[in-house]
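Enquirer: What follows is a predicted protein model with its sequence.
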Amino acid sequence: MGSACAEKIYVDSQEVAELRTSQRVSVYLPPGEHIAGVQPTSICAGGSAALSINVVAGRRQVYRVARQQSGDLKIEPSAF
């Protein structure tokens with residue numbers, strides 16, 4: 001679901017990428033609290049999502065954007 005959709009990725013209210021299915025982006029942030037957000041673009045509807053993250057120096061953190069069956073987006077930690 002959503003393979004024709006693109007999502008804009010934001011960190012601390014700044015757009016950092018526009019992603020399509022199977023794409024990735026790496027963002028290098030200073031340690032501390034940050035807000036990551038995602039919002040649908042193009043022809044796709046659905047709600048936006050945001051997540052507070054705490055960046056720790058020297059620790060790699062991976063998050064994924066997923067489209068739920070309802071069409072809404074979510075951001076969650078990932079092991080991949």
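Expert: Everything's here; your move. Numbers count the residues shown, from 1 in each chain.
Enquirer: Could you pull out the strands in the chain for me?
Expert: Secondary structure of the chain by DSSP state E: the strands cover 6-11, 14-20, 32-40, 49-55, 63-67, 73-77.
Enquirer: got the CA coordinates for the second one in PDB?
Expert: Extracted as PDB, the C-alpha positions of strand 14-20 are listed here (Å, rounded to 0.1, in the frame of the first residue of the first chain):
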ATOM      1  CA  GLN A  14      13.500  21.500   8.600                       C
ATOM      2  CA  GLU A  15      12.700  19.400   5.500                       C
ATOM      3  CA  VAL A  16      15.600  17.000   5.000                       C
ATOM      4  CA  ALA A  17      14.300  14.600   2.300                       C
ATOM      5  CA  GLU A  18      11.400  13.500   0.100                       C
ATOM      6  CA  LEU A  19      11.400   9.700   0.100                       C
ATOM      7  CA  ARG A  20       9.600   7.100  -2.100                       C
END
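Enquirer: lowest-pLDDT helix or strand in this protein?
Expert: strand 63-67 (a mean of 89; mean pLDDT, DSSP states H and E).
Enquirer: any idea how far that one is from the chain center?
Expert: 6 Å (CA atoms, centre = their mean, to the nearest Å).
Enquirer: Can you check the distance spanned by stretch 56-64, start to finish?
Expert: Using CA to CA, to the nearest Å, the span of stretch 56-64 from its first residue to its last is 18 Å.
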